[in-house]
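Undergrad: sequence first, predicted model second:
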Amino acid sequence: MPLAMKAGPVARQAPRLHGLKTSPRLNQENTMHQMSDMQSCIDECLRCYQTCLGMAMNHCLEQGGKHVEPGHMRIMMACAEICRTSAHFMLIGTPHHKHTCRECAEICEECARSCEQVGDMQDCVDQCRRCAESCRRMAA
């Protein structure tokens, strides 16, 4: 029976980790570690999605100026979307999450640089960098 993991008010099933041997004695610790890493990455991706989308639609639109320049808004929307997609791929248990996580890490780093250049967006910079690091580990 899969472990149920709590995410806010809704419980969800643990993602199926493809390619892992399921011998209880030999791989239980490794499997639990990988599930923990994956859950951590899902959480970071969802936080980054929420942060980028929220900052773009609220903070940036209200600030105007360089906060709403097309290049900056595009990378923020791209970051939010790839984070959502990477979390989704991990949740559905497809091994293709490695591809989306690799791209997610790259886009998150680019978004962090853009937010840093624009200024007054440290929450977004920090979250993007945390997500990028977590996604790099999942893509390895």
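TA: That came in fine, so what should we check first? The structure presented is a predicted model; accordingly, all values stated were derived computationally and were not measured. Residues are numbered from 1 along each chain as shown.

Undergrad: what ranges does the protein have for its strands?
TA: Taking DSSP state E, the strands of the chain run over residues 4-7, 10-13.

Undergrad: now do the contacts for V118.
TA: Shown in contact with V118 (C-beta atoms under 8 Å, 6 or more residues apart in numbering): 60, 66-67, 72. Glycine gets a C-beta too; all of them are placed from N, C-alpha and C.

Undergrad: nope, H97 is what I meant
TA: By C-beta under 8 Å, 6+ apart, the residues touching H97 are 86, 89-90, 138.

Undergrad: got it, and C48?
TA: The contact partners of C48, by C-beta under 8 Å, 6+ apart, come to 79-80, 83, 108, 127-128, 130-131.

Undergrad: ok, how many other residues are close to C104?
TA: 33 (other C-beta atoms under 10 Å).

Undergrad: now do the contacts for it.
TA: By C-beta under 8 Å, 6+ apart, the contact list for C104 reads 45, 82-83, 85-86, 131-132, 135.

Undergrad: on that earlier part again, in a markdown table, list the contacts of H97 along with distance to L53, neighbour count and pLDDT.
TA: Below are these laid out as a markdown table (distance: C-beta to C-beta, whole Å; neighbours: other C-beta atoms under 10 Å; pLDDT from 0 to 100):
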| residue | distance to L53 | neighbour count | pLDDT |
| --- | --- | --- | --- |
| S86 | 14 | 33 | 98 |
| F89 | 18 | 22 | 97 |
| M90 | 19 | 23 | 97 |
| M138 | 21 | 24 | 96 |
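
Undergrad: now for these: which two are most distant?
TA: The two members of those with the most space between them (C-beta to C-beta) are F89 and M138, at 9.8 Å.

Undergrad: what do the two both touch?
TA: Common contact partners of F89 and M138 (C-beta under 8 Å, 6+ apart): 97, 101.

Undergrad: picking that back up, need the max-distance pair from the contacts of C104.
TA: Farthest apart among the contacts of C104 by C-beta to C-beta are T85 and A132. That separation is 14.8 Å.

Undergrad: more neighbours: which of those two?
TA: Comparing T85 with A132 by other C-beta under 10 Å, the one with more neighbours is A132, at 23 against 17.

Undergrad: sweet, I'm off.
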